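1. Just need the structure, nothing else, for what follows:
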Amino acid sequence: MSDLPLLLSVFLLANLFITLVRVVRGPTSADRLLAALLFGTTGVAILLLLAYSNGQSALIDVALIFALLAAITGAAFAQRAWRHKAKETDDGTA
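-> Sure, this is the predicted structure:
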């Protein structure tokens, strides 16, 4: 039964490699950001699975920090995109 979290971790790691392709090829910056957020979320899931299977509580702390950084990244991108959109409408170039 303890092999299941490790197998899931390997599956999620394979998913990360596919996500890297999307980060590199994304046609827009929003696509790249969503792929990067998926990368962060999957990384958190892998860390939690490894913490469960190995009994290392330090990995849970690292996963929480990664989740916090992913939320901050998403909010910063949304604020940047909002400002860019507002600047375009103020200039009349939209």
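
2. which residues touch residue 45?
-> residue 12 (CB atoms under 8 Å, 6 or more residues apart in numbering). Backbone N, C-alpha and C define where each C-beta goes, glycine included.

3. Next up, phi/psi of residue 57, please.
-> Dihedral pair for residue 57: phi -70, psi -20, per degrees, to the nearest 10.

4. where's the residue lying closest to it once chain neighbours are set aside, which helix or strand?
-> Leaving aside its sequence neighbours, residue 57 sits nearest to residue 51 (CB to CB, 6 or more residues apart in numbering; 6.6 Å). Using DSSP states H and E, the element containing residue 51 is helix 29-54.

5. Can you list the buried residues in that helix?
-> By neighbour count on 16 or more other CB atoms under 10 Å, the buried set for helix 29-54 is 32-40, 42-53.

6. for the record, mean pLDDT for that helix?
-> Mean pLDDT, computed over helix 29-54, is 86.

7. The very next helix or strand once past that helix: how far from the chain's middle?
-> Following helix 29-54 in sequence order, the next helix or strand is helix 58-91 (DSSP H and E). With CA atoms, centre = their mean, to the nearest Å as the basis, helix 58-91 stands 11 Å off its chain's centre.

8. Show me what helix 58-91 is packed against.
-> Counting contacts by 3 or more CB pairs under 8 Å, 6 or more residues apart in numbering; DSSP states H and E, helix 58-91 packs against helix 29-54.

9. relative to helix 58-91, how tilted is the helix it packs on?
-> If you take axes from the mean of the first three to the mean of the last three CA atoms, to 10 degrees, helix 29-54 sits at 170 degrees to helix 58-91.

10. which residues are in contact with stretch 46-59?
-> For stretch 46-59, contacts defined as CB under 8 Å, 6+ apart pick out 2, 5-6, 8-9, 12-13, 16, 60, 62-63, 66.

11. could you flag which of these are buried?
-> Buried positions within those, assessed by neighbour count (16+ other CB under 10 Å), are 5, 8-9, 12, 62-63, 66.
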